[in-house]
Structure formats: C-alpha cells, structure tokens
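Novice: below: sequence and its predicted model.
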Amino acid sequence: MSRRVRRRVSRRGKEKVDCLEIDENLSLDEKGVLDWIRLPDDTVIQLFSCLNYRDRASLSSTCQSWRILGKSPCLWQALDLRPHKCDTAAAASLASRCQNIQKLRFRGHESANAIINLQARNLREISGDCCKKMTDATLSVLAARHEWLECLQLGPDFCERISSDAVKAVAICCRLLQKLRLSGIHEVDADAINALAKHCPNLTDIGFIDCRKVDETALGNIGSVRFLSVAGTTNIKWNLVLQPWSKLPHLTGLDVSRTDITPSTVLRMFSSLRSLKVLGALNCPALENDATFVSNNNHKGKVLLAVFTDILKGVATLSVDTTKDEGNIFLNWRNFKTKDGESEDIMNWLEWILSHSLLRVSEGNPPGLDNFWLNQGSALLLSFIHSAQEEVQERAATALATFVVIDDENASIDTGRAEAVMRDGGIRLLLNLAMSWREGLQAEAAKAIANLSVNANVAKAVAEEGGISILANLARSVNKLVAEEAAGGLWNLSVGEEHKGAIAEAGGVKALVDLIFKWSRSTGGEGVLERAAGALANLAADDKCSMEVASVGGVRALVTLARNCKVEGVQEQAARALANLAAHGDSNGNNAAVGQETGALEALVQLIRSPHDGVRQEAAGALWNLSFDDRNREAIAAAGGVEALVALARSCSNASHGLQERAAGALWGLSVSEVNSIAIGREGGVAPLIALARSDAEDIHETAAGALWNLAFNPGNALRIVEEGGVPTLVHLCSSSVSKMARFMSALALAYMFDGRMDEIAPTGTSTESTSKSVSLDGARRMALKNIEAFVMTFSDAQAFSAAAASSAPTALTQVTESARIQEAGHLRCSGAEIGRFVAMLRNPSSILKACAAFALLQFTIPGGRHALHHVGLLQNAGAPRVLRATAAATCAPLGAKIFARIVLRNLEQHHTGSLI
C-alpha cells in the first residue's frame, strides 16, 4: 500500500497568540545579530508563551534571568500535558511552577494519576481524553484535591471504568462546578444526578454523552441547568422525560443527537419546554425517516438543528446581529463587538455540541448523508476552524480528516467531500492551523491534510499553497503525534511523480530519515516509523529522490527498521522502501549499497518468514531487485535466501497475486547463478514454480517461466521439471499465454531441456537422491519441439521471409526484424554460458532448435536493447560469427533459421560499426 488514512487520533489544543513585537531600538552586535539577553522582559515572556511546557522549562535553564522569567505566573495559567508523557516524577518536577494554574489538559490514566503531584489546588478547569482506563478512585481523588473546580470534561473517548460513585464524589467535592461533560459512562444513576442537584447550585452545563444509561427523570431535579446534552446516549425512556424536564426553568439548549428520539417526543418538547431555544438532533434516524416531520417547519419558535434543516440559518436566528451573511454566522458572531453574555454562552455551546456530533457522525459514516456533508457539514466544520475554543478547533480538524474516509485500509476517500473542503477554502485554513504553535492543532491539521491529499486535486492544491514545506517542518517536531501526522501527509503527497521533487527540495527526505533514527530507539513510535518508511518508499521509486534518500543515511535507517522493528506495518514499509531503492541498479549505486549494508540481506531473508503476507511480499520484492547485482545474488543465497524463498513459493498458492509474483521473481533473480539454480532445484523449488506457472495471472506465470528457463539450463533441473509435470505447463504457456515474454521464455526453457544434455543423465537415473519418477522423455520431447516450432512460426511472416530470401537489401531484413521483435526481451541479460548454449544449438541436428536458437540470438542482439552490446561481446568471444554464417548458408537449414542468422550477423556488424564511430 502506498497510502494510509486513519479516522481517529488523540486530541490537541490551541490558543491565540499575538505576534512578537521586538523593540526597534534594540541594538545589534558587530555581526548584526540580536543579543537575546538584552530583550525586554515582556518580549521574553511572550516568547516563552509560544512554547510547550517542556521547552519552556528547558529554555528557562539557560541563565538566571530567564529562569526567573520562566516562572512568571502568567506563563503557568494553563498547562497542556498531552504532548508528552507525564508520570509522577515529571509532575513533581513541575510542581514549583503550578501553584497558579487555572486550566489543565491531560491524556490517559497515567497522567490523571500524576496530576495530584502538581499540587495545583487552584485549578478551575480539567479536561482529559483517552480516559478509557481511568478509574473511580482516580477521578474521586482528583475531585477531592481540586475543590475549586468549575469545569470537568472527560472524553470524547469512553470512560468505561467510571461509575455513578465517582460522579457523586465530584458533586460532593466540587461545589463550585459549572460545567460537567462526561463520555461513555456505563450508567449515571439517580443518586449521582441528585447529588449534583444538591451540591452544585451553579451547574449550568451538563453533558452525559454516549452513555449506556442515564436516569432521565432525575435530570429534572437539576434546576440550574441551562444546557443539557445526552447525545449518543441509549436507553432513554423518552415518554418519561417531558414532565421532569419541563420543570427546568432555565433550559435553553438541549442536544439529543444520535439518539432514538421520536418525532412525537420532539413536537411535545417544542410545546412543553418553554425556555428552550435550540434543540440539536443530528443523525436521529427516527426523525430523518419521517417525511411528515421533515416537512413540518412549525417548531413553535424553537430552532431545530438536524441534517434536514438549514443549520446555519437556524443559528443565525439566535444571533444578536442577523444582518450579516448566514453562511458565516459563527465567524460573524465572533467578530461582533457587543455580544451579550447569554448569546455568547449559546453560541459557544452550539460550537461545542455541533463539532462533537459531527465528529461522531463522521466516525460512524452512516449512509445517506452525502448531501448533508456536501451542502452543510463541510462548511460547518470549516467554520469551526476559526473557533476560540481549542477543543472545537481540534474536533473540527479531526472530523475533516475523518468524514472524507471511505475505507481506512485501502486509503479510499470520497472525492466529492474532499473537493468540497478544497472549494470552500479549507486547504488554506488547515495549513494555517498547521502553522499554529499549539502542537495539538498541528497534529490534527496535519492529519486532515494527509487524508484529504489522497485526492490528486487536493494534493495539488496543498502543494500550490506551500503545504509541502509546512509538513516537512512539522516532520521535524519533537512531538510524536505531530511528526506522525506530518509524515503521513508526506506519504500521501509522495504518491505519483508530481510532488516527489518538491518534498526533497523542502528537506522532507532528511526529515523522514531523521524520524526513523529518532523513533527507532524509542518505544511507542510505530506510527511515526510506518509513515516515515512509507513516504520514503514512495520517494525511493524516483531515481533522483532515491539518491537523496541514500545520501542522508536512508539505507541504514531502513535496514535498522527491517532488522529490529517487530511491527507488521513498519516491516512492510521498510521492505518496500528497500525494494524501491534497489530498483535503480543501472542508474545509481543504491542496489549495491543496500546489499552491502550490514545485516540488510539477512533481515530481508528473515522477513520472508513473516506470518504477514504484506511483509513477505515486500521482502521478496526487495530480494528480487537486489538479485540483479552479482554480489548481492550470492550473498542472498549465503544468508539462507534460497531456502526461505522456496518455502515462500511453496506456501503462497492461495496468497495474493503480488506475493506470488515476487516469490517467483526472487527465485528467477537468484537462479541467474548456476550454483543458485542447482541449490533451488535441490531445495525443491521446481514444483512450486511449476504451480505458479499454471496461474492465469500474466505477471505470475511470466516470472515463473523466467525462473524455470534459468533452472532448465542445468540438466538435473531440466529432468526435475519433466518429472514434476512441467513440460505440459511450459507447452501451455508457450502456445497460449497472452504475454509474449512468457511464451518466449517457456520456449527457451523447453529448448534447453531437449537439446540433448538432459539425455546424458536421464538413463542413469535421477535428478534427486530419491527414486526418479517414471517419465516418457520421447513423448515430452515431441510435444516440446512441436510447440517450439509453432511459437517461432508465429513470428515468421511468410511474405517478409520470402522477400528476405530473395534479396540482400537491408530493408528486407529490417522488415523481418520488426515483425519478430519482442520488445521486452531486450531487458534480458544472458551469461557467457547461456550464449554459448544457443550457439551450440545452431549446430544441433534438430532444425526446430536451430531456428529457436537463431530467434533467441536475434532478440538479444537487436541494437538499442538494454544488454545488446554485452551479448555481442559474448558472441564474438564464443566464435559465433563463423557458426552464424554457416547456418545462414546451409542448404539443409530451415528458412527461418537462415534468415534469423543473417539478421544476427547484421546486428553484430552494426554494433561493430557503431563502436568504431
């Protein structure tokens, strides 16, 4: 696979920061460099505010004055622990700076346990994600230690281990609580809700989201609530909610998105919930499938937000300023200077619940919502990119990355949705978000850009907007998630040829290689490594970029992954990258460089034994490419490659076509060496290759035919092919394959087998140490020769032959050459022994073998062929011109052999003449 997309990653944050303003009166030193220690204190503090807490602490240690400034209370009002692992020791080291922290964000249960060591008793807001393993005990202790808490949010991941007991503890300990949003709790019972009603008189915003069960009746006891969300919560008894909820005097906003609420319940809510202004009901199937309800616009003065309503128009009716464009209502509201407190609360809540529901809907990707996404959803998400709430921005970016994805594994995205984002200016918005100093937003924006870039038009727009340089810079981030998503973006942009050069020019190749060196020494970096290796694999397919990869240490980095990493995806991409690096043998030295890297061949041979087909396929492909180098070929065999590849060919009969082709191809490459060819035969490689040659897939049977051709050069292997029933298989390919190359190599294999050399060992017994199978060589020979003759005749145009026989004009021979030429055969490279074998066949008493040998030599010497000059030299050394002239002049030789011999002689003369010029 050359791309990868994902639906979810952890969330990150954003804060708006003004640009630095440096005093124009500051003097520079004699070199024109600003002296940092002379910066005003407020400028240094502003600089520190743009750093994460670890970089801030590190920079503070550079000098005494910065140490003092680095502890300024204004820098430690908010703390985001998510970018880095925060354990008890890390928290304790930060404790001296955290007395004045008001807002804290964390990720995971380990960080939750460590928060207590911060000793930040003045915390007003705690927000956590990835809290699946967080327990009642941890949450209860957090609540007990932070009694001034006003806001507690855990989600959107499910908090499966938190129960009503912990909710009750929060209510008792945090009596100033104003906002409580919890996701994925199994049950919130009446006791917990009544405790909130009793102990938290200021609680105005409640969200029990994606919960299994919530006591709907008890919710009516929280008289202070203004905003209530039960989105995604199941098992709500809607027939019981109207009476208790109608007693909530301040209930302004209600979110029932992704529930089974019925049209009749909604209509009764419109009538009975008098203070209600807005009802969120996105992705409620019972509402969307009721045509009568959908067409009913009488909402009793309430705003209904659903996939079948105009959401932006509805939100506009809630705004204090309705004179501006409804399509930009959220942006216009943010820019409105005289916002009142109530409308601001409503709009902030709407941003939060809509962004959350859109993310959840995008993750589920239910059918039937294409029109909604194209007409409203995309625009809403892009609007939320401007939000002042960092969580809203994060979820909007994540949803943009998610709603375009159709199939994660096959990297398939919806073209219409992706281009809708591009059409509405989303690429520029996301790139601006990626340039934020907040690492969370960098990660989410990079992921969205990566997924959208699977579409070629979007990828072009990203490149034109300067996105490649942005992603290359993000790939250098010390934050794992940022680097991972940036590498994923470069992976997708490097598909095809259009953007490879730009990635290299932006320093992307080195950034990717550096990522591998960094994260291969750490745990938990598998996502970074897979994406970096995948991007390098794509880039290595380009000759110039492959040289760049090698020059910055990419070979060693990729070999390190292949040797040491045990993760399937990383192994597969590392092997693919090495395969592509080794594919440029004639144009650069990477093939030899990979083979000479310590442990490279051994690692690839080991990957051949992987239980994962994708890993085996890419490793076999790498060995196939590497086997084109003579030294690599022998080293692969010495590393156990023959045994591993034969075992692979034997076991891949039901595997993918790609794996079968590469298994046969690698054996084909190794079998160029006669020593290896003999080893393959003795290891039992003939039978699986014959089986692969029976495949209907052209690529598979063509490579298998090439391997069998090489094996047949050895008489022992030739006999094995006969014994294993290979003659009918080769005959079938020779006569029926749509691939000219498969037919050609099958014919040559049959010619090797029946030119008389196998006869020398067949009577004395066996090709193996076991008893030889009973075979009829005479019958097999007749069958083979008949089909070889038929094959050669298909390239013998009778009219052209007659003209060539009657004339010595070059044009007559040229016409025969063009009709006989197999273009791909020019890529085949023969050894001196093989060329000598064909020259010997010209003396064979069989007229069919003479014609076949002359036909083969014609293919190998046509001017312009990749290895034609090499073959001409071998023919000259073997004294072939004399034999060719004798064949061309022999009265008893078949016409085809005579004409083909004349053409080969002409080819030799043309090469000789060309070398003298």
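Specialist: Perfect, I can see it now.

Novice: scan this structure for its longest helix.
Specialist: helix 341-364 (DSSP state H).

Novice: tell me which residues of the following helix or strand past that helix are tucked away?
Specialist: Of the helices and strands lying after helix 341-364 in sequence (DSSP states H and E), the nearest is helix 370-372. Neighbour-count burial for helix 370-372, with 16 or more other CB atoms under 10 Å as criterion, is recorded at Phe372. From N, CA and C alone the C-beta is placed, and that goes for glycine too.

Novice: which outside residues touch helix 370-372?
Specialist: 307, 414, 416-417 (CB atoms under 8 Å, 6 or more residues apart in numbering).

Novice: swap the cut-off to 10 Å and go again
Specialist: Outside of helix 370-372, the residues within contact range by CB atoms under 10 Å, 6 or more residues apart in numbering are 282-283, 288, 306-308, 311, 358, 361, 377-378, 380, 414, 416-417.

Novice: may I ask which of those residues has the most neighbours?
Specialist: Leu358 (28 neighbours; other CB atoms under 10 Å).

Novice: return the member of the contacts of helix 370-372 nearest to Asp345.
Specialist: Ile311 (18.6 Å; CB to CB).

Novice: quick check: chain neighbours aside, which residue is closest to that closest one?
Specialist: The shortest distance from Ile311 to any non-neighbouring residue, by CB to CB, 6 or more residues apart in numbering, is to Leu305 (5.1 Å).

Novice: got a list of what that neighbour touches?
Specialist: 253, 255, 257, 278-282, 311-312, 314-315, 350, 353-354, 357, 380.

Novice: spit out the contact partners of Ala901.
Specialist: 842, 850-851, 853-855, 857-858, 880, 883-890, 893.

Novice: cool, and Gly364?
Specialist: By CB under 10 Å, 6+ apart, the neighbours of Gly364 are 7, 232, 258, 283, 402.

Novice: and those, which of them are buried?
Specialist: 7, 232, 258, 283, 402.

Novice: what is the nearest of the contacts of Gly364 to Arg782?
Specialist: Using CB to CB, these come closest to Arg782 at Arg7, 62.4 Å.

Novice: quick one, phi/psi of the nearest residue to His612 once chain neighbours are set aside?
Specialist: Of all residues not flanking His612 in the chain, Glu568 sits nearest, at 4.7 Å (CB to CB, 6+ apart). Glu568 adopts backbone torsions of phi -50, psi -50, taken as degrees, to the nearest 10.

Novice: pretty sure Glu568 is touching Gln617, no?
Specialist: No: between Glu568 and Gln617 there is no contact under CB atoms under 10 Å: 11.9 Å.

Novice: got any residues that touch both of the two?
Specialist: Ser610.

Novice: and Trp437, what element?
Specialist: Using DSSP H and E, no helix or strand contains Trp437.

Novice: how many neighbouring residues does it have?
Specialist: If we define neighbours as other CB under 10 Å, then Trp437 has 13 of them.

Novice: what do you get for Arg124?
Specialist: 17.

Novice: which stretches of the stretch 51-200 of the chain form helices?
Specialist: 53-60, 64-70, 88-94, 108-114, 136-145, 164-173, 190-199 (DSSP state H, counting those that start in this stretch).

Novice: contacting residues around the fifth one?
Specialist: Helix 136-145 has contacts (CB under 10 Å, 6+ apart) with 104, 106, 109-110, 112-113, 115-116, 118-121, 123, 126, 128, 131, 134-135, 149, 152, 154, 159, 161-174, 177, 182.

Novice: let's see that with 6 Å instead.
Specialist: Defining contact as CB atoms under 6 Å, 6 or more residues apart in numbering, one finds that helix 136-145 is touched by 112-113, 116, 162-163, 165-166, 169-170, 173-174.
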